[in-house]
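1. What would the 3D arrangement of this be:
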Amino acid sequence: MITIDELRGIRLFAALPEAALLHLSRAVEDIRLTAGEYFAHEGDERALYVVVEGRAEITKTVNGDERVIGTRTPGRFFGEVPMTLSTPFPASGRAAEASRVLKLDAADYYALAALAPSIPARVAGLARRYLDSLQELAAERPETEVRVVGPRGDARTHEVAGFLARNRVAFDRVTLEPQAAAGAAPVLERPGREPIVDPTLREVAEAAGLSVRPEQSAYDVVILGGGPAGLTAAVHAAAEGLRTVVIESLAPGGQAGTSTRIENYTGFPFGISGDDLAGRALAQAKRLGAEIVVTRAAEAIDPVRHEVTLDGGDVLSAAALIIATGVAWRTLAVPAIDGRIGTGVHYGAARSDATLARGADVCIVGAGNSAGQAALFFARHARSVTMIVRAATIETSMSRYLVDQLAANDGIRIATRSEVIGAHGEPGLEAIDVLDRSTGATERRACDVLFVMIGADAATGWLPREVALDARGFIATGPDAEASPLWRLERRPFALETSAPGVFAVGDVRSGSVKRVVAGVGEGGMAIAHVHQYLALRAQGSLG
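-> Alright, predicted model coming up:
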C-alpha cells in the first residue's frame, strides 16, 4: 500500500489536502510489474494509472501491428481519455522495465475529484492533447505491398481478396467494370516484381509473405486446422515450450473466422467478430512461438508413427497429433445454384463480404446463429435482407438474443417454411425461386447475393481406419473411442483422445462436441493437458 508521503512526491497529487491524500492512499491499487507485463489493454474499462517507479510504454494496434505510441515515466499518468470521455481504453499500457504503477478506478476517481477539483481539470487538459495524436494514427492508411486487380463480381477476384482479408494481409483493390474486363482474370501486383495472373491461393500466400512450408520435419505437436480449437491448442502448446505447428488449408479462424459477430463469447461485453477473435488468437500463438502454415492440407496420417503427409508431399512427424479440421458447409441440392458459386452464391459469410452486399438484395438460407449474425451485419449495407428458413420458426435453432435483435430490425424479413428451388441471372445471380412449403406456391424473389448457411458435415474421409468415426463421420473420442474395437490398450483413452493413441480430436470435427466457439476454445486448451499426460506416459514407457 502506498503511503501519503509517497503520494506527495507525485506531481499530480502534491498539492492535495490531507483528506484527499488519505482517501487516495486507501483507494488506489499498488501494482508491481515485471518487464513486458501489461497493466491495461485496449478496450478495457476506464481507470486512471500513475507510474510511480520504472517506465511504461503505451501501445496501440495500428493496421494489424502493435506500435509503441508513447511512454510514461514516474509521475506521469495514463487513462486520461477514458476518464474524461467515459470510454474504454483506446490503447494498451505495459511495463517497459520493472515498474510500479497505481490504479484508480472510476468510482474512486470521481470521489477524489469531489475532494480536489483540480484533478479532473488537469486530466481533461492532457486528454485533449492525447486525442490529437490518436486521431493522426487513426488517419494512417495501411502500408500495402500487394494489389489485387480484377473484374467486379468475378468469383476468382473475390476469392483472392477474401483470402488476403481473412489472413489479415493489408492490400489495395482495383475493381474493373464488367464492360472493361470481359474474360479478365484477377492479377496480383507487387512493387518491382512481375504481376501474377490468375494466381492460386498458395501463390497469393507466398506473395504476401505468409508461410506455406513447415520449417522443420519433426515437432512435439502437429495441429491440423487453425480454427478456434486449433489456435487455442497452439497457444497453450507453444506457451509451454512444445515445438508446435498449425497446418491450415485456408486461413486461421476456420468457419468461426467468418462469423460477422459473436455476442456470447465471455469477456467481450459488446461482442467481437470471428475474424477479430481469430486475429487475436493468431497473434498470440505466433508471439509464443507456434508456427502457422497456410494453404496446406493433410492428405494422410500414420496413426502409429504419428506422421502427417501434406499435399505436396511434405511429411511431418510429431510426438502427438491434434485433429481440429472442423466441418465443411452443407450444400444446397439445387442444380441452378452450383453454376453460380462465387458469382452471386456463397457458402458462409464474412465481414469482408460487405462489399458484395452494398446496395444489394441479399438472401440468407439458414436459421442458426451464424445466419442470424450475418443478417444483422448485412442489413447495415444491403437494400434488403431476407432469411429463408425451412422450419416454422427460428426460435428453436437460434440464441434468444439473436431472435430478439432480428425481430427489432425492420430491414430484415424472415420467410419461414420456405426453401430455395431455383436461381436465375446471367452470368451472376438476379433472382431466386422460393417454395412456400405451407401452401405449395413458388415465388420469384429479387436476389443479387445468396449466402447459404445450412449447417455442416464432417470431412473425415481422408482419415485412416485406425481412427474410429461415429455414424455421421465425426471422430469418436474418450469413452466412445474406448468402446470401439480399434482401441486395444489396457488404459482408458483421455477424454479427447481418439481410438489411435496419441492422436487427439477437438472442436467441431469431434463426435458429441458442442458447436460453439467457446466450446472449441475450451477443448483446445484441454487437449494440451492431455498431450502432456500422454507424453509423460510415453517417457515412462507405459502407454498401455
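2. so how far is Arg472 from Arg330?
-> If you measure Arg330 against Arg472 using C-beta to C-beta, to the nearest Å, the figure is 12 Å. The C-beta positions use only the backbone N, C-alpha and C, and glycine is treated the same way.
3. Name the residues contacting each of the two.
-> Asp457 (C-beta atoms under 8 Å, 6 or more residues apart in numbering).
4. Tell me which of these two has more neighbours.
-> Arg330 (14 against 9; other C-beta atoms under 10 Å).
5. any weak-confidence spans in the stretch 251-400 of the chain?
-> 270 (pLDDT under 70).
6. now with 80?
-> 255-265, 267-275 (pLDDT under 80).
7. how about the helices of it, start to end?
-> Assigned by DSSP state H, counting those that start in this stretch, the stretch 251-400 of the chain shows helices spanning 274-287, 335-338, 354-357, 369-378, 400-407.
8. so which of those gets nearest Ile432?
-> Nearest of those to Ile432, taken as C-beta to C-beta: helix 335-338 at 8.6 Å.
9. and Gln216, how far is that from Val293?
-> 11 Å.
10. Mutual contacts of those two, please.
-> Val245.
11. Kindly compare burial across the helices of the stretch 251-400 of the chain and name the winner.
-> For those, the largest average neighbour count (mean count of other C-beta atoms under 10 Å) is found in helix 369-378, namely a mean of 25.
12. Residues in a beta bridge with Leu188, which ones?
-> Val148, Ile196 (DSSP bridges).
13. I figured it hits Pro199, correct?
-> Yes. When contacts are counted by C-beta atoms under 8 Å, Leu188 is listed as touching Pro199 (4.9 Å).
14. what residues do those two have in common as contacts?
-> Shared contacts of Leu188 and Pro199 (C-beta under 8 Å, 6+ apart): Val160, Ala207.
15. ok, the two, which is more surrounded?
-> Leu188 (23 against 20).
16. how much space is there between that one and Gly70?
-> For Leu188, the distance to Gly70 - C-beta to C-beta - is 37 Å.
17. Enumerate every residue touching Ala320.
-> Taking C-beta under 8 Å, 6+ apart, one finds Asp220, Val221, Val222, His306, Gly502, Val503, Phe504, Val531, Tyr534, Leu535 in contact with Ala320.
18. That one and Phe494, how far apart?
-> 11 Å.
19. thinking again about what came up before, identify whichever of the helices of the stretch 251-400 of the chain lies nearest to Val52.
-> Of those, the one closest to Val52 (C-beta to C-beta) turns out to be helix 274-287, at 28.1 Å.
20. My read is that Ser48 contacts Lys103, right?
-> Careful, residue 48 is Leu; it's not Ser. Yes. With contacts counted by C-beta under 8 Å, Leu48 reaches Lys103, the gap being 7.5 Å.
21. the more surrounded of these two?
-> With neighbours defined as other C-beta under 10 Å, Leu48 and Lys103 compare such that Leu48 has more, 22 against 17.
22. separation between that one and Val68?
-> Taken as C-beta to C-beta, the span from Leu48 to Val68 is 21 Å.
23. same question, Ile364
-> Ile364 is 42 Å from Val68, by C-beta to C-beta.
24. Which of the helices and strands in this structure ranks last by mean pLDDT?
-> helix 118-138 (a mean of 65; mean pLDDT, DSSP states H and E).
25. Which one (most neighbours) among the contacts of Ala320?
-> Phe504 (30 neighbours).
26. Look at that one and give its secondary structure.
-> Secondary structure assignment for Phe504 (DSSP: H, G, I helix; E, B strand; the rest coil): strand.
27. Cross-check the contact I'm expecting between it and Thr498.
-> Yes. Look at Phe504 against Thr498 with C-beta under 8 Å: they come within range, at 6.6 Å.
28. Look at Gln216 and Val293 and report which has more neighbours.
-> Neighbours per residue (other C-beta under 10 Å) separate Gln216 from Val293, with Val293 holding more: 21 against 10.
29. shouldn't that one be in contact with Ser249?
-> No. If you go by C-beta under 8 Å, Val293 and Ser249 don't touch, sitting 9.9 Å apart.
30. Let me have the helices of the stretch 251-400 of the chain in CSV, extended by distance to Val509.
-> Output for the helices of the stretch 251-400 of the chain, formatted as CSV (distance: least, C-beta to C-beta, whole Å):
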stretch, distance to Val509
helix 274-287, 17
helix 335-338, 25
helix 354-357, 29
helix 369-378, 17
helix 400-407, 25
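31. now the strands for the stretch 51-200 of the chain?
-> With strands called from DSSP state E, counting those that start in this stretch, the stretch 51-200 of the chain shows them at 56-62, 65-72, 77-78, 92-95, 99-105, 147-151, 172-176, 187-189, 196-197.
32. go on, the stretch 351-500 of the chain?
-> Under DSSP E, counting those that start in this stretch, the stretch 351-500 of the chain gives strands at 361-365, 384-388, 412-415, 418-424, 431-436, 442-446, 449-452, 456-458.
33. and the fourth one, what does it pack onto?
-> Think strand 418-424. On a contact count with 3 or more C-beta pairs under 8 Å, 6 or more residues apart in numbering; DSSP states H and E, strand 418-424 meets helix 335-338, strand 361-365, strand 384-388, strand 431-436.
34. can you pull the buried residues of it?
-> Ser418, Glu419, Val420, Ala423 (16 or more other C-beta atoms under 10 Å).
35. Give the rounded mean pLDDT of that strand.
-> For strand 418-424, the mean pLDDT works out to 95.
36. Could you do the shortest one as well?
-> For strand 456-458, the mean per-residue pLDDT is 89.
37. contacts for it?
-> Against strand 456-458 from outside (C-beta under 8 Å, 6+ apart): 255, 326-330, 469, 472-475, 508-509.
38. try 7 Å
-> Gln255, Val327, Ala328, Trp329, Arg330, Arg472, Gly473, Phe474, Val509 (C-beta atoms under 7 Å, 6 or more residues apart in numbering).
39. which residue is nearest the middle of this protein?
-> With distances taken as C-alpha atoms, centre = their mean, the residue of the chain nearest its centroid is Ala278 (2.0 Å).
40. Pull up the gap between that one and Arg488, please.
-> Distance from Ala278 to Arg488, by C-beta to C-beta: 38 Å.
41. Mind checking which of the contacts of strand 456-458 are buried?
-> Buried, going by 16+ other C-beta under 10 Å: Gln255, Val327, Trp329, Phe474, Val509, out of these.
42. State the mean pLDDT of the lengthiest helix in the chain.
-> Longest helix of the chain, by residue count under DSSP state H: helix 517-540. Averaged across helix 517-540, pLDDT comes to 93.
43. packing partners for it?
-> helix 228-239, strand 315-323, strand 503-505 (3 or more C-beta pairs under 7 Å, 6 or more residues apart in numbering; DSSP states H and E).
44. Any idea which of those gets closest to Gly43?
-> Closest among the helices and strands packed on helix 517-540, using C-beta to C-beta: helix 228-239, at 19.0 Å.
45. any idea which helix or strand comes after the closest one?
-> Note on helix 228-239: by DSSP states H and E, the next helix or strand toward the C-terminus is strand 244-248.
46. Need the contact partners of that next one.
-> So strand 244-248 is contacted by 214, 219-226, 230-231, 234, 237-238, 290-294, 296, 298, 310 (C-beta under 7 Å, 6+ apart).
47. same thing with stretch 491-508?
-> Against stretch 491-508 from outside (C-beta under 7 Å, 6+ apart): 227-230, 233, 303, 306, 320-324, 326-327, 466-468, 475-478, 481-482, 484, 486-487, 489, 513, 515, 520, 523-524, 526-527, 530-531, 533-534, 543-544.
48. quick one: buried residues of that stretch?
-> Buried-residue list, stretch 491-508, by 16+ other C-beta under 10 Å: 493-494, 496-508.
49. Of those residues, which pair is most distant in space?
-> Pro501 and Asp508 (22.8 Å).
50. Pull the number of nearby residues for the residue lying closest to Ala374 once chain neighbours are set aside.
-> Among residues not flanking Ala374 along the chain, Ala349 sits closest, at 4.2 Å (C-beta to C-beta, 6 or more residues apart in numbering). Look at Ala349: counted by other C-beta under 10 Å, it has 27 neighbours.
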